[in-house]
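Participant: No letters, just coordinates:
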């Protein structure tokens, strides 16, 4: 399974945001990485550089590599509607992202691991593909054998996020992907229009 496994704080510092979730190291050094750190003078970025940066940020945020992200963009482009918005909706509809949003894991990488290790079911069937695209009404649950996992309990105990497009029952560890989120309901700080402009060149 292809995924990014490099240093996360360094990437977060590059974008100036804790895109992988809470990060104590990022909070200490929230300036770009490099030998000269904060003192380095940085010229104005070109239009292309700004667009590329936004695409990279979206890819790292959702844990998607280039080919997969490019395929998602083609799918968004072929659909009717605003391409950038549909692209983010496709990212949000991924199973690993929904497991993360439901609070079953504290990070998307953790959610990806839970899915690939067969701890998650969709409509009663085990699904071990993190990129699996959920449809409205799909029921996502923690597998019966996995409900006692300490990591899941810890994550759920520390989760306070509520999303209108998802439901979650803590007692049964079951949730529903009620509907595809609207752009306003997606909390990620991503300028999707820049990504569309980049791919349109």
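Facilitator: All right, it came through fine. These numbers come from a predicted model, not from an experiment.

Participant: right, and the helix or strand after the least confident helix or strand in the chain by mean pLDDT?
Facilitator: The least trusted helix or strand in the chain, going by mean pLDDT, DSSP states H and E, turns out to be helix 24-28, with a mean of 54. Using DSSP states H and E, the helix or strand that directly follows helix 24-28 along the chain is helix 47-62.

Participant: So which bits of that next one are buried?
Facilitator: Neighbour-count burial for helix 47-62 flags 51, 53, 54, 55, 56, 57, 58, 59, 60, 61, 62 (criterion: 16 or more other CB atoms under 10 Å). From N, CA and C alone the C-beta is placed, and that goes for glycine too.

Participant: of the residues you listed, closest to residue 96?
Facilitator: Using CB to CB, residue 62 comes nearest to residue 96 of the buried residues of helix 47-62, at 8.5 Å.

Participant: How much space separates that closest one from residue 107?
Facilitator: Here residue 62 is placed at a distance of 12 Å from residue 107 (CB to CB, to the nearest Å).

Participant: again with residue 143
Facilitator: Distance of residue 143 to residue 107, given as CB to CB: 20 Å.

Participant: ok, now residue 48?
Facilitator: Distance check for residue 48 against residue 107: by CB to CB, it reads 31 Å.

Participant: for residue 139, same thing?
Facilitator: For residue 139, the distance to residue 107 (CB to CB) stands at 23 Å.

Participant: likewise residue 192?
Facilitator: Counting by CB to CB, the gap from residue 192 to residue 107 is 22 Å.

Participant: Then residue 119?
Facilitator: Distance, residue 119 to residue 107, by CB to CB: 15 Å.

Participant: So the two - more neighbours on which side?
Facilitator: residue 119 (23 against 16; other CB atoms under 10 Å).

Participant: Just list the residues touching the more buried one, thanks.
Facilitator: Contacts here follow CB atoms under 8 Å, 6 or more residues apart in numbering; on that basis residue 119 touches 142, 143, 146, 149, 152.

Participant: Keep only those of the residues you listed that are in helices.
Facilitator: residue 152 (DSSP state H).

Participant: Strands - which of the contacts of residue 119 land there?
Facilitator: The members of the contacts of residue 119 that map onto strands under DSSP state E are residue 142.

Participant: For the contacts of residue 119, pick the one with the most neighbours.
Facilitator: residue 142 (23 neighbours).

Participant: what about the closest residue to it other than its chain neighbours, distance to residue 134?
Facilitator: In this structure, residue 142 finds its nearest non-sequential neighbour in residue 173, 4.1 Å apart by CB to CB, 6 or more residues apart in numbering. As for residue 173, its distance to residue 134 is 17 Å (criterion: CB to CB).
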